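Asks: Compute the structure for the input listed below.
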Amino acid sequence: MRNLSYLFFVITLLFLLGISLMSGQAQTDVATPAQLAAAMAAWERSGHASTYDNGLGADTTCARCKSPLNWDPLHPAAESALDCASCKRIPGQPRPILTNADPVPEADWHNIGCPICHEPVGDSYRITPAFWNQASGTYEPVSSSSELCAHCHEGRHGFEVTEEVVADAAHSGWNCLNCHGPHGDSVQCVDCHDLSGGAAAQTHRDHPQVHCSACHDRAGLGIWWDEDPASSYLGMVVTRRFAHTLTSWPSHNLQTTTDCRRCHHARGLQYPAIAQSVSCNNAACHPGGAVLNWCPYWERSK
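Replies: Numbering: from 1, shown residues only. Below you'll find the model as predicted:
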């Protein structure tokens, strides 16, 4: 009888211990007030906190990624939203309003907030990310940060960021959080790369207005000098992608090697020379630093 009592005591103790452990695990998966405050501060500095513009049209279009809680897949304008021609516009002009569309007022716009990537728990959120599927009204588990980001950052409007990262030779096997903050914090290549030293230090100093991806892009994207006053890359030479109109977009498919001919001698390529002058003043090919003639140096180096 004593043995049975002892066995019952052990089983009860293990059961209570299991509940305690599970309770502790659940609590550690919920953000504390301090963690939540830090995450909110990072989020407010990010692009995820401000995704509204007057050209977003109905809640059936850009809201799908830019503010999922405003997206209504059953909206009457959903069909016209699938027609690329319905959103075409003159660059710099507002997008046309979709047929039967109801533009979302800015005051009602949610942006990309916590509940898109984290399941609410009381007045906080689970730390483990999950994606809110507005169409199904459920949270979908994700296996990695890259899978979470891919819900919006892949295959739409030319912004194939996830596909570029997979093909990237310079950061092979990396995921989004290797470079970006988990809450959309802004990031620059120089946050990790010191350009003041090494064999290319002088080259980097000679190109202060050239974005890293313009030289190190591996995907063969076009390069241009961004003159859009609304662009965060205003005044810089940067790669460009198609997104309703030609728009600067740093490549995520990179390599360490570079080819100066992409900007300085684009002979035979589909875009003109970006650089209008060079530091070389060799009268045989660059009188006064001009880039109008083909440089014999590149002919010899083929």
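
Asks: Below-threshold pLDDT in the stretch 151-300 of the chain: ranges please.
Replies: Where the stretch 151-300 of the chain drops to pLDDT under 70, the residues are 156-158, 242-245, 265-273, 276, 291-300.

Asks: isn't A201 right up against H193?
Replies: No: counting by Cβ atoms under 8 Å, A201 stays clear of H193, with 11.4 Å between them. Placement of C-beta: from N, CA and C, glycine included.

Asks: Just to be sure, S213 is in a helix?
Replies: Yes: assessed by DSSP: H, G, I helix; E, B strand; the rest coil, S213 belongs to a helix.

Asks: need the contact list for it.
Replies: L221, V238, T239, P250, S251, L254 (Cβ atoms under 8 Å, 6 or more residues apart in numbering).

Asks: what does stretch 195-207 rub up against?
Replies: If you take Cβ under 8 Å, 6+ apart as the criterion, stretch 195-207 is touched by C215, V237, S279.

Asks: Over to stretch 171-178?
Replies: So stretch 171-178 is contacted by S144, S145, S146, C149, V165, D168, C179, L254 (Cβ under 8 Å, 6+ apart).

Asks: quick one: it to chain centroid distance?
Replies: Relative to its chain's centre, stretch 171-178 lies at 13 Å (Cα atoms, centre = their mean, to the nearest Å).

Asks: Show me what counts as buried in that stretch.
Replies: Buried residues in stretch 171-178, defined by neighbour count with 16 or more other Cβ atoms under 10 Å: N175, C176.

Asks: now do the same end-to-end measure for that stretch.
Replies: Start to finish, the residues bounding stretch 171-178 are 9 Å apart (Cα to Cα, to the nearest Å).

Asks: so how many other residues sit close to D228?
Replies: 15 (other Cβ atoms under 10 Å).

Asks: Who are the contact partners of it?
Replies: Taking Cβ under 8 Å, 6+ apart, we find D228 in contact with L234, T247, S248.
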